[in-house]
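[1] Here is a sequence together with a model predicted from it:
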Amino acid sequence: MTRTLQPAVAAYAQTLTRRSAAVPRALNARIEAFTLIWAAVFIAISLPRLVSPATAPRGLFDALAVAVPYLLIALAPLAGHRLAAASFPSGIRTAQPGIRLSVYGRWRSLSVLDARANPSFGPAGFMASLLIGLLLNIPVRSVEFVVAMPAVSGNAPGWSQALFLLLAADVVVMSFFYMVCFVMALRTVPLFPRMLLFAWVLDVTAQMIIAREIGAMPGLPAQVALPLRELLHGNIVKVMISAFVWLPYLILSERVNVTYRQRASAAA
């Protein structure tokens, strides 16, 4: 019975792989439009905060200062995409790094042509899921910021202004880097696994720095500090879960090694 099912299971797996390979192609064709649409959507979501800030601005300059962080959040994914796309143009082969960080397992080197001809080459299968996850990080974190943090002007207490800028900067930086990771993965850039590891470390470090700053802010009300700490803790947990799930895959996957490291399993 098992032997009779094996061809059907293999055929179904191949079908799923072919379908998942269509996801990166569709994303690659529409990512520029996505970043522009998302910028418009985020600005629309942020309008209620801008129209009714927690503290009224003292003038036009103060109102512009309140709006700038939201504008930067809206444009960060677009900037990340433009920079990464310009740095790694489609069809240009990027050289492998001189030093291997992933040394676990037994692998045989492949030439560029052999790697691209390998059935495991390309961001398909589980890699397509990772791509979607990287992309979803951007709207999730951005919307969390809008929900958790009201807009504040120069009339607000010092702790409120500092907190607003800290959280906004965190979303800007991480939206930028997660988009860079997305483009590098999509364009099979060999440095993608390292860049994703860097983004994870940066994300956790940023949450810890913000938590430390919150603890040192004079006059911060407890009813504000507690939910913010829970938000930061939740962000750290999400990053750690992502790293726990995807890091073994990035090290051991045949597809990742063929696509980004130009090597295949020695047993294959």
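    Received the coordinates, thanks.

[2] now the strands for this protein?
    107-109, 263-265 (DSSP state E).

[3] Looking at the last one now, give me its mean pLDDT.
    Averaging the model's pLDDT scores along strand 263-265 yields 86.

[4] got a list of contacts for that strand?
    105-110, 115, 118, 120, 254, 257-258 (Cβ atoms under 8 Å, 6 or more residues apart in numbering). (Each C-beta comes from the backbone N, C-alpha and C, glycine too.)

[5] so how far is that strand from its chain's centroid?
    Distance of strand 263-265 from its chain centroid, counting by Cα atoms, centre = their mean, to the nearest Å, is 27 Å.

[6] circling back to that earlier point, now the strands of the chain in CSV, with distance to R187 and mean neighbour count?
    Formatted as CSV, the strands of the chain follow (distance: least, Cβ to Cβ, whole Å; neighbours: other Cβ atoms under 10 Å):
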stretch, distance to R187, mean neighbour count
strand 107-109, 21, 14
strand 263-265, 19, 17
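
[7] Tell me which of these lies nearest to A151.
    Within these, the stretch nearest A151 is strand 263-265; the backing value is 50.1 Å (Cβ to Cβ).

[8] ok, that closest one: who's next to it in the sheet?
    strand 107-109 (antiparallel) (DSSP bridges).

[9] hang on, the earlier thing: so can I have TSV of the strands of the chain showing distance to A168?
    TSV is the format used below for these (distance: least, Cβ to Cβ, whole Å):
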stretch	distance to A168
strand 107-109	43
strand 263-265	42
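
[10] give me the number of residues near P157?
    By the measure other Cβ atoms under 10 Å, the count of residues near P157 is 15.

[11] give me every residue that touches R187.
    The contact partners of R187, by Cβ under 8 Å, 6+ apart, come to 28, 84-85, 88, 90.

[12] got the residue ranges for the helices in the stretch 101-250 of the chain?
    Assigned by DSSP state H, counting those that start in this stretch, the helices in the stretch 101-250 of the chain fall at 112-117, 126-148, 158-186, 192-216, 222-252.

[13] Thanks a lot, see you next time.
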